[in-house]
Each structure stands twice: as C-alpha cells, then as structure tokens.
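Q: just the structure for this:
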Amino acid sequence: MNWQISGQILVQGLKGIEVISYITQMLEQGAKIVAGIDPSQEQDTIEAIPIFALVEEAIAEVGEISTSLIFVHPYKVLDAATEAIVSGIKQLIIFSQGVPPLDMIRLLRIAKEHDTLILGSGSGGILIPGELSLGIWSTEFYQPGRIGILTDSPNLSYEVALALQKEGLGESIVISIGQDAILGTNFEFWLEFLHEHEKTEEIALITRWERIELELINYIKKELNKPVIIYGYDLQKKGHTYLSNIVNIMANQLFSGLAIQELETTVKDLLTESDILLVNNPSQIRDLLKCHKAV
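A: Got it, this is the predicted structure:
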C-alpha cells in the first residue's frame, strides 16, 4: 500500500477554536477538505465546510473520501477511527496525542483487516511547502526545496527548516510520524515513500535515540540510495528511564554493566561505521546538505 496525497479530505472532531484555526490554514494551503464530523452537529457549516453527525452521512453527500484527519479526544480516537475505516476511508492522520496503547493495538488490527494506513497517533501531519498542508504546521518556517524531512518531533523540524532556510535550502515534503509510543506506520514505510518521491533528493530523519533500532539502520543501508542524515536527540532526557532496542540488545548480549554514556557511544559508533550521517544539531544538517549541494 502506498500513501496517496491527492483526494477529498474529511475532518473528524471539527470543533473548537484551535482545530478550526488549523483547518482554516489547511484550506489556504490547498487542502481539499469537503466535510467535517461533529456528532453534536451544533453548526451546519464551519469555514463553509458542511458538518455531519456520521462519517457515512458525509460520504453519501460529498462522495469518496481518501483521508480523514482525526482531532478527537484521545479516548475517542478508537471509535472515530473505526467509524472512518468501516466507512471505507483508507488513510487516517491521527493528531490526537496520548491515545491509550490498548486502543491503538485494537485500532491497528482493524486497520490491517481493512487495508487502511494510519499516520500517528500524535502526528503533526504532512506538509508540501508552497502546495499543501495537512496538519498543524507553522508553514512560514518552510520553503519549497529538495529535502524530505521525516520526524517524530514537529518542533525540531521547525529548527531544521530554519537552519536550512539560512542557506537557501528547502523541503520537498515534511512528514510527522507521530509522538506516541505505538504508531500506525513506521519509519521504514515512510523512508520507502521518500525513496520513491521524485522531488526528494536527500532525507533528514529526526527522531529520539530510543527509536534508532538495528533494523532501521540496516533498512537504510540496504534499501535506500538517497543520502540520509539522522538527527538523534534525547537519549538521556531528564525523566526518561528507557533505552533503545538496539541499546538493550547490546547491553543484554555484549555490554552488561556499561554506563548509559558508554552505550550511547556504541550506538554512535555503529552509525558512524555505516554510510548514514549522524548529527547532533540542526546546523550540522544544514552544513552537510550544503556540502552535498556543492558537489
């Protein structure tokens, strides 16, 4: 299954000042939002978008929907997403953060049964600078270019985009995979998407250290022929007590008793030994891409 950018869009949870402000911006940035869902149906329209109580009612009125944008309360995500899936919508972007893990597990089973793709939960959406915004982006930070950004931190993607902007570099597409622990689609899925994306020449992957796994590194090495830069952050963020899977494997099998700092060094060494470029701050991404542009 491949993610399709085009098509009609539905919004579930279209109410409240914040969500409406996001929708207004999306409409200005080219999003084809044709219907909204609010079970209370307090208004008939919002920003000229017709409001319905049920997804099936919206589809009956406006026709086929390719993507649903879900802004409901985290505890209501399972019901809202299931309603969209059984109504035939094949792509969901879940912006709600803090969805109960068991709800996400159930949802992923349902999605698999119906061949439905999910971005999120806790996603910031998808952005094609100058063309399309499907999400909660501050679009002024981005400009059209050749670099695909894949991130689990929308805020850090702003910093990267600003650093690139200083060198006249821009983005072909920006994808926020989600901030929750259990996600609908993984990095490998979206890296393959960027690998096939014609306007993307280089890839910047922004993620927490514990998400840099051995399988991910091997996938990048074996399957991608576009330059990949990984910006890893938060290995020892205050309050975090976890280690990445790759660190756990090393700790259990090879390095029992080593301090976290030594394990961090081992992870960095593994990445350094590959063709994958590893950086510690946004300016390093900018400098590496600037050098690649000059080659």
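Q: looking at the chain, which helix or strand is least sure?
A: helix 245-253 (a mean of 40; mean pLDDT, DSSP states H and E).
Q: strands along the stretch 151-295 of the chain, start to end?
A: If DSSP state E, counting those that start in this stretch is used as the criterion, the strands of the stretch 151-295 of the chain fall at 171-176, 202-208, 228-233, 277-279.
Q: so, low pLDDT: which residues of the chain?
A: 235-275, 292-295 (pLDDT under 70).
Q: one more time with 80, if that's ok
A: Scanning the chain for pLDDT under 80 picks out 1, 235-275, 290-295.
Q: would you mind giving the domain segments of it?
A: As assigned by automatic domain parsing, the chain contains the domains 9-119, 138-294.
Q: and those as CSV, adding mean neighbour count and distance to residue 2?
A: C-beta coordinates here come from the backbone N, C-alpha and C atoms, glycine included. Converted to CSV, these look like this (neighbours: other Cβ atoms under 10 Å; distance: least, Cβ to Cβ, whole Å):
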stretch, mean neighbour count, distance to residue 2
domain 9-119, 18, 9
domain 138-294, 17, 7
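Q: one step back: would CSV of the strands of the stretch 151-295 of the chain with distance to residue 58 be doable?
A: Formatted as CSV, the strands of the stretch 151-295 of the chain follow (distance: least, Cβ to Cβ, whole Å):
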stretch, distance to residue 58
strand 171-176, 25
strand 202-208, 35
strand 228-233, 39
strand 277-279, 44
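Q: so which of these is nearest residue 107?
A: Closest to residue 107 of these, according to Cβ to Cβ: strand 171-176, at 18.2 Å.
Q: right, and the strands of the stretch 151-295 of the chain - which one's nearest residue 15?
A: Proximity to residue 15 (Cβ to Cβ) singles out strand 171-176 among the strands of the stretch 151-295 of the chain, at 22.4 Å.
Q: list the helices and strands the closest one packs on?
A: strand 125-128, strand 144-151, helix 154-165, helix 187-196 (3 or more Cβ pairs under 8 Å, 6 or more residues apart in numbering; DSSP states H and E).
Q: out of these, flag the one nearest residue 97.
A: Among the helices and strands packed on strand 171-176, helix 154-165 sits nearest to residue 97 (Cβ to Cβ), with 10.8 Å.
Q: check which helices and strands that closest one is in contact with.
A: Where contact means 3+ Cβ pairs under 8 Å, 6+ apart, helix 154-165 is packed against strand 144-151, strand 171-176, strand 202-208, strand 228-233, helix 282-294.
Q: out of these, which is closest to residue 43?
A: When the helices and strands packed on helix 154-165 are compared by Cβ to Cβ, strand 171-176 sits nearest residue 43, at 28.5 Å.
Q: name every strand pairing with the closest one and say which way it goes.
A: For strand 171-176, the paired strands and their directions (DSSP bridges) are strand 125-128 (antiparallel), strand 144-151 (parallel).
Q: CSV please, covering those strands and showing distance to residue 103.
A: Formatted as CSV, the strands paired with strand 171-176 follow (distance: least, Cβ to Cβ, whole Å):
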stretch, distance to residue 103
strand 125-128, 20
strand 144-151, 24
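Q: of all the ones you listed, which one is nearest residue 188?
A: Distance to residue 188, taken as Cβ to Cβ, is lowest for strand 144-151 among the strands paired with strand 171-176, at 10.5 Å.
Q: who's in contact with that closest one?
A: Residues outside strand 144-151 that contact it (Cβ atoms under 8 Å, 6 or more residues apart in numbering) are 124, 129-131, 157, 160-161, 164, 169-177, 187, 190-191, 194, 197, 199-207, 289.
Q: now that strand: how far from the chain's centre is it?
A: Taking the mean of its C-alpha atoms, strand 144-151 sits 12 Å from the chain's own mean (Cα atoms, centre = their mean, to the nearest Å).
Q: next one: stretch 50-66
A: Relative to its chain's centre, stretch 50-66 lies at 25 Å (Cα atoms, centre = their mean).
Q: now the end-to-end length of it.
A: 17 Å (Cα to Cα, to the nearest Å).
Q: quick one: contacts of that stretch?
A: Residues outside stretch 50-66 that contact it (Cβ under 8 Å, 6+ apart): 4, 6-10, 12, 14, 34-41, 43-45, 68, 83-84, 87-91.
Q: go again with 6 Å.
A: Outside stretch 50-66, the residues that touch it by Cβ atoms under 6 Å, 6 or more residues apart in numbering are 4, 7-8, 10, 34-39, 41, 43, 83-84, 87, 89, 91.
Q: list the ones among the residues you listed that fall in helices.
A: Members of the contacts of stretch 50-66 lying in helices (criterion: DSSP state H): 83, 84.
Q: coming back round to it: for residue 118, find the nearest of the helices and strands packed on strand 171-176.
A: Each of the helices and strands packed on strand 171-176 has some distance to residue 118 by Cβ to Cβ; the shortest is helix 187-196, at 10.3 Å.
Q: nice, that's everything, thank you.
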